[in-house]
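> Attaching a predicted model along with its sequence, questions to come.
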Amino acid sequence: MGLRTPLLLLSALMIVLTVLVSVRWVTANKIEQANQRQFINTMEELIQVPNQALRFDNDPYTDTITVMASQLNPDKPVQLHRLRNQSTTVALLVNSVAPDGYNGDIKLLVAVHTDGSLLGVRILEHRETPGLGDKVEADRSPWIRQFNQASLKSIAESGWTVRKYGGEFDHITGATITTRAVVQAVHRVLLWYAENRTIAFDTLSGTHLE
Amino acid sequence: MSTDLSTRDLWLDGLWRENPAMVKLLGLCPLLAISNSAINALSLGLASLFTVLVANTSVSALRTIIPTAVRIPIYVLIIAGTVTVVELLAQAYTPAIHQSLGIFLPLIVTNCLILGRAESFAQRQPLRAAVHDALAMGLGFLLVLFVLGSAREVIGSGTFLQGAEHLFGARAANWHMQLYGNDYTILIALLPPGAFIALGCLLALRAALSN
């Protein structure tokens, strides 16, 4: 056999790698665009306040900072997107995680108006039960819209859970754990925002805060 | 396996007599997990079909130069490379599908249907037969996935082709059908037990038809 087999394996590896690198190179832009489009679509849904869209003139997709905050995500740094108009701050989008869903992490995008009220919440990723827990998705049920305009002022500390546990939020029948996890995660975002508003908006874009 | 298989035999084998999902029971993990809606099932079926086609074609074309001793690593390399390409393409052009298939798209690498066809067929057969075999087996797998997915979606969610626009683009936005009311759900059909029950019924039906 001699050198033939190793050389053959090596060339097979090289060919496959070349193909992968080229496909990666061709699709990289498209993938970035797809991610950006998905973010912008979700953001546009979120910032529709009654009758009008919020005005902003920066690019929230790139105007971001990264913070470590275990309330927002126990495992990983959290990315925050900022919306500004001229020099005034408009809203903050928080990529938060509810770690206590029925089946693992639920990834959320929470939009907080600069005054501390919620513009809205969307589910980005989850593995909840199809037919029950997935009703937290905006496309499947209006449940997620009850966060619109809620704030720490409008709902007291004890109200930030589902009705079954004495809170002010409806739950979805058969998905109490899922809905409670989302409500509590959103609450933690508001609590964090109340204490870190200046950090969230005044830090230079691209900063990583440990 | 005889060496001069007719094209007709290859297709009959793939679609019915030796159907990978109903007779050989290969690739059941993705089959059961992803068949909760028709569009998910169709997407995974297409991705698997493409992968088995590329794998069979390259294995058959290279069959004379691949040393027997290291054939399995080379097959796995080809399959894993193909699946990565499929994943990148899905991420770029059908991001919603990429998201709903989740881990089951990269897991096509471990679908025994694909390695099975390379090992038991393509490595001994000429290119033409290997291509027909891949198309027939891939399509056989896709059809079973689609039938299971459609049945579970209709019974479980009361919809059909929900999310078609994620696979076929904007023109498919109104393809989906709402068969019953908005609140209709039969949960068991959407959960894993429903997948086993539906597959069981399908296997029984196939057995009854071929007797």
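Ah, there it is.

> is any part of the helix or strand hosting residue A:44 close to chain B?
For residue A:44, the element it lies in under DSSP states H and E is helix A:4-46. Yes - using Cβ under 8 Å from any Cβ of the partner chain, helix A:4-46 reaches chain B at A:4-5, A:8-9, A:12-13, A:16, A:19-20, A:23-24, A:27, A:30-31, A:34-35, A:37-38. C-beta: built from backbone N, CA, C; applies to glycine.

> so what's residue B:175 up against?
B:161, B:164-165, B:168 (Cβ atoms under 8 Å, 6 or more residues apart in numbering or on different chains).

> and chain A, which residues reach chain B?
Checking chain A against chain B by Cβ under 8 Å from any Cβ, the hits are A:1, A:4-5, A:8-9, A:12-13, A:16, A:19-20, A:23-24, A:27, A:30-31, A:34-35, A:37-38, A:125, A:127, A:129-132, A:174.

> Tell me if residue A:108 really is in a strand.
Yes - assignment of residue A:108 by DSSP: H, G, I helix; E, B strand; the rest coil places it within a strand.

> Please determine how far it is located from residue A:91.
15 Å (Cβ to Cβ, to the nearest Å).

> For the nearest residue to residue A:129 once chain neighbours are set aside, the count of nearby residues, please.
Excluding the flanking residues, the one nearest residue A:129 by Cβ to Cβ, 6 or more residues apart in numbering or on different chains is residue A:102, at 6.5 Å. Neighbourhood size, residue A:102 [other Cβ atoms under 10 Å in any protein chain shown]: 19.

> can you check the one 3 residues further on too?
Residues near residue A:105, counting by other Cβ under 10 Å, number 19.

> roughly how far apart are it and residue B:62?
Residue A:105 is 42 Å from residue B:62, by Cβ to Cβ.

> Assess the claim that residue A:125 and residue A:106 are in contact.
Yes - at 7.5 Å, residue A:125 counts as touching residue A:106 under the criterion of Cβ atoms under 8 Å.

> between those two, which one's more packed in?
residue A:106 (24 against 13).

> residues contacting the more buried one?
Residue A:106 touches A:97-98, A:123, A:125-126, A:128, A:136, A:178, A:181-182, A:185, counting by Cβ under 8 Å, 6+ apart.

> I'd like the residues you listed as a markdown table, with secondary structure and pLDDT appended.
Output for the contacts of residue A:106, formatted as a markdown table (DSSP: H, G, I helix; E, B strand; the rest coil; pLDDT from 0 to 100):
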| residue | secondary structure | pLDDT |
| --- | --- | --- |
| A:97 | strand | 95 |
| A:98 | strand | 95 |
| A:123 | strand | 92 |
| A:125 | strand | 85 |
| A:126 | coil | 86 |
| A:128 | coil | 84 |
| A:136 | helix | 91 |
| A:178 | helix | 94 |
| A:181 | helix | 96 |
| A:182 | helix | 96 |
| A:185 | helix | 96 |
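
> Least confident secondary structure element in chain A?
Lowest on mean pLDDT, DSSP states H and E among the helices and strands of chain A sits strand A:52-53, with a mean of 70.

> Now residue B:17: phi and psi?
When read as degrees, to the nearest 10, the backbone of residue B:17 gives phi -60, psi -40.

> how distant is the longest helix along chain B from the center of its chain?
Longest helix in chain B by number of residues (criterion: DSSP state H): helix B:127-156. The chain centre lies 5 Å from the centre of helix B:127-156; the measure is Cα atoms, centre = their mean, to the nearest Å.

> ok, residue A:20 - how many residues close by?
Neighbour count of residue A:20, defined by other Cβ under 10 Å: 16.

> list the contacts for it?
B:81, B:84-85.

> Keep only those of those residues that are also close to chain A.
Applying Cβ under 8 Å from any Cβ to those, one finds that B:81, B:84-85 fall near chain A.

> any idea which of those residues is closest to chain A?
Set against chain A, the nearest of the ones next to chain A among the contacts of residue A:20 by Cβ to the nearest Cβ is residue B:81 (4.0 Å).

> Does that closest one touch residue A:19 like I think?
Yes - between residue B:81 and residue A:19 there is a contact under Cβ under 8 Å: 6.1 Å.

> more neighbours, the two?
Under the neighbour definition other Cβ under 10 Å, residue B:81 and residue A:19 were set side by side, and residue B:81 has more, 24 against 15.

> name the element residue A:122 belongs to?
Residue A:122 belongs to strand A:118-125, assigned by DSSP H and E.

> Residue A:135: neighbouring residues, count only.
By other Cβ under 10 Å, the burial measure for residue A:135, its neighbour count, is 23.

> wait, doesn't it sit right on residue A:175?
Yes - if you go by Cβ under 8 Å, residue A:135 and residue A:175 touch, sitting 6.4 Å apart.

> Contacts only, for the spatially most central residue of chain B.
Central residue of chain B (Cα atoms, centre = their mean): residue B:45, 3.4 Å from the mean position. Residue B:45 makes contact with B:138, B:141-143, B:145-146 under the criterion Cβ under 8 Å, 6+ apart.

> how near is the residue of chain B found nearest chain A to residue B:198?
Residue nearest to chain A within chain B: residue B:92 (3.5 Å; Cβ to the nearest Cβ). Relative to residue B:198, residue B:92 is positioned 32 Å away (Cβ to Cβ).

> Then residue A:77?
42 Å.

> The two: who's more crowded?
The neighbour comparison of residue A:77 against residue B:198 (other Cβ under 10 Å) goes to residue B:198, with 21 against 15.

> sec struct for the more buried one, please.
Secondary structure, three-state DSSP: residue B:198 is helix.

> Return the per-residue confidence for it.
Residue B:198 carries a pLDDT value of 94.

> quick one, what contacts it?
B:35, B:148, B:151-152, B:189.

> hmm, 10 Å instead?
The contact partners of residue B:198, by Cβ atoms under 10 Å, 6 or more residues apart in numbering or on different chains, come to B:32, B:35-36, B:147-149, B:151-152, B:155-156, B:189.
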